[in-house]
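1. The following comprises the amino acid sequence and a computationally predicted model.
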Amino acid sequence: MSAKLFKGAEYLITAADKNDIFTPEDFSDEQRQIGDTTEQFVLNEVIPHREAIEHHDLPLTVELMKKCGELGLLMIDAPEEYGGLELDKATSMLAAEKLSQAGSFSVTYSAHTGIGTLPLVYYGTKEQKERYLHKIISGEWIAAYCLTEPGSGSDALGAAATATLSADGKYYILNGTKQFITNGGIANIYTIFAKIDKQHFTGFLVERTTEGLSVGPEENKMGVRGSSTTQIILEDAKVPVENLLGEIGKGHKIAFNVLNVGRFKLGAGATGAAKTALTIGIRYANERKAFGVTIGTFGAIQEKIADLSAAVFASESVVYRLAGLIDHRLATLPKGTADYYETYQQGIEEYSVECAIVKVLCSEMLADVADGVVQIHGGYGFIQEYAAEGYYRDERINRIWEGTNEINRLLIPGIILRRALKGEIPLQKEAMKAFESLMSPSFEELDDSIPFAAEKALIASLKQAFLVLAGSAVQKFMDKIKDEQEILIAVADLAINIFAIESIVLRAEKILPKLSEGKKASVNAAVKVFTFNSSEKSASAARRAAYFIAEGDTLTMLLAGIRRFTKYDATGLLTAKRQLAAASLEADRYIF
Ligand SMILES: Cc1cc2nc3c(=O)[nH]c(=O)nc-3n(C[C@H](O)[C@H](O)[C@H](O)COP(=O)(O)OP(=O)(O)OC[C@H]3O[C@@H](n4cnc5c(N)ncnc54)[C@H](O)[C@@H]3O)c2cc1C
């Protein structure tokens, strides 16, 4: 059965089948090989220098980037015609996941291969690519992306940097300051956004040696300390007109579309980091003794291991499901056409809702894992000598950059509602149907012959809850809904949890027949644990939304509907948690 080509956010109104999703178990030998090469590079070349990197040995970081280039790890997303490998997003995410074990170095790598390189790949002219791309994908040059300013971060279009055409028409003269630029101190080329004539937001490719460009001092950061973060200062910087990127006044397209991939890569990196951090936690639980036994024998510790393992497995399911969605769409594009890269980035933009979901879900999952692993370590988790402390500091930035999690949450319903208004998603029609089922519920017995019947029933009813609440909010506030952030965030939480539960359930259903009995039990346990935890979060988000939107009889009706829509029979939950923890402790690592 071939996979259905899902549109962005369509999962909210259409049930997906297990064969519609890509999972890590579907990797080809070639994809696995790239994953292995990346992992070997990290273990052999980066980890031994971790201390030096964390203490800001930037020349070493630059050397290691060159080695990455020699191994082909910087050319995964670059077009073949310019010497790149042009591999699928699943491979690109696998490399990002494996690199995440490299701590701060992975920040350098991700910023370079993602937001640093992709503006040129997607929007550069042939001449620009010929001039710069080879240097970037070989590691000879390092790339950075400069959007944020001291006075504008989330409000990126409020940038104050300006670009003015010189009298001879040969240069744009750039002025302004860019803030918190990853790779700022080591980059050779910067994608810089500035407003031409103070109004047309536009991208520029700016070489480091450009007259008038200077680099500020390195920031002293809470985490990812080994990465370079500086201001980029532009004082009458002379940028040749041929270095304008894309079209005048269309810089927002570059800035935001590239962030979609950045968010996606962040999710893959967070998943990789969580696997390693959790393994460290599990090993400690097997070693540390208290009250005469190892702490892993305590239910309190086991429950953490179970909850966190299930959450990591779910995040991984979500990341690669999205990789499959994007790869499937990109594979339908005719190659070699003049507008190939425009349609390519549109293909990615189609899944901007899912990219935001991945960013929020995976960054918050990693936060829970890092926190849980510190807690498992007790006092030692607070001491720098132990790796848990570093994971705890390093994860924090993920909820801030690539759009804060607030901004990403607001984007999710924002994009969905915009597409519904344009008629791209039949949200109104589906919301009407959901209202009908709210008013006249039908009680269907679960069909136990269907795999994961209880979970699938929950997913279907959570989608109803989403439609009812989003529909009620739009009905009440009309176009003013964009100002009701608390409601939008609650609705976004529902959308995130639905995608996550559906992804883990479909993955489990797809892979179970090929697993050993022991592994089957662990996967079934992870599904139960994660579905229960997410159903609780969904119920809380839905109730919040209902209280925010309605009052009186309408509120009573909504709350009654939510009780029904979020019902999940998690019989056997304790056994599932203990099974998952026991398997993890037995394996002495994160097991999936
Ligand atoms: C280590 C590091 C590396 C970075 N690397 C780069 C880089 O390479 N390139 C680059 O361009 N930028 C980079 N950034 C910048 C980063 O993307 C921004 O810090 C981030 O987008 C938030 O912007 P801000 O710091 O100005 O916070 P603000 O935008 O001032 O936000 C402050 C708070 O207000 C909330 N908020 C803001 N607006 C809204 C709204 N409309 N609705 C609801 N809540 C809102 C935010 O969620 C946040 O909680 C980096 C930052 C750091 C710390």
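-> It's in.
2. For the stretch 51-200 of the chain, give me the ranges with low pLDDT.
-> Applying pLDDT under 70 to the stretch 51-200 of the chain flags no residue at all.
3. In it, what residue comes closest to the ligand?
-> Nearest to the ligand in the stretch 51-200 of the chain, going by Cβ to the nearest ligand atom, is residue 153, at a distance of 1.8 Å. Just so you know, the C-beta spots here come from the backbone N, C-alpha and C atoms, and that holds for glycine as well.
4. Check whether residue 407 really touches residue 154, as I assumed.
-> Yes - the criterion here is Cβ atoms under 8 Å, and residue 407 meets it with residue 154 at 5.1 Å.
5. first to last residue in stretch 139-148, what's the distance?
-> One end of stretch 139-148 to the other measures 25 Å (Cα to Cα, to the nearest Å).
6. residues in contact with the closest residue to residue 437 other than its chain neighbours?
-> Counting by Cβ to Cβ, 6 or more residues apart in numbering, residue 437 lies nearest to residue 464, which is 5.9 Å off, once chain neighbours are set aside. By Cβ atoms under 8 Å, 6 or more residues apart in numbering, residue 464 lies in contact with 434, 437, 438, 561, 565.
7. Three-state assignment for residue 464, please.
-> helix (DSSP: H, G, I helix; E, B strand; the rest coil).
8. how close does it get to the ligand?
-> Relative to the ligand, residue 464 is positioned 28 Å away (Cβ to the nearest ligand atom, to the nearest Å).
9. how many other residues sit next to residue 168?
-> Neighbour count of residue 168, defined by other Cβ atoms under 10 Å: 7.
10. helix, strand or coil for it?
-> Secondary structure, three-state DSSP: residue 168 is coil.
11. can you tell me how far it sits from residue 195?
-> Distance check for residue 168 against residue 195: by Cβ to Cβ, to the nearest Å, it reads 21 Å.
12. what about the helix or strand harbouring residue 508, average pLDDT?
-> Residue 508 belongs to helix 485-511 when assigned by DSSP states H and E. Average pLDDT, helix 485-511: 98.
13. Can we start the residue count at 652 from this point?
-> Okay, residue one is now 652; in that scheme the one you just asked about reads as helix 1136-1162.
14. which secondary structure elements does it contact?
-> In terms of contacts (3 or more Cβ pairs under 8 Å, 6 or more residues apart in numbering; DSSP states H and E), helix 1136-1162 is packed against helix 950-982, helix 1003-1028, helix 1056-1072, helix 1104-1128, helix 1168-1200.
15. and the ones you listed, which is most packed in?
-> Each of the helices and strands packed on helix 1136-1162 was scored by mean neighbour count; the highest is helix 1003-1028, a mean of 25, by mean count of other Cβ atoms under 10 Å.
16. Does the helix or strand immediately after it in the chain reach the ligand?
-> Where DSSP H and E defines the elements, the next helix or strand beyond helix 1003-1028 is helix 1038-1046. No - contact between helix 1038-1046 and the ligand is absent, the nearest approach being 10.4 Å (criterion: Cβ under 6 Å from any ligand atom).
17. between helix 1038-1046 and helix 1003-1028, how big is the angle?
-> Taking axes from the mean of the first three to the mean of the last three Cα atoms, to 10 degrees, helix 1038-1046 and helix 1003-1028 form an angle of 150 degrees between their directions.
18. Could I get the buried residue list for helix 1038-1046?
-> Within helix 1038-1046, the residues scored as buried using 16 or more other Cβ atoms under 10 Å are 1038, 1039, 1040, 1041, 1042, 1043, 1045, 1046.
19. And for stretch 730-741?
-> Within stretch 730-741, the residues scored as buried using 16+ other Cβ under 10 Å are 730, 733, 735, 736, 738, 739, 740, 741.
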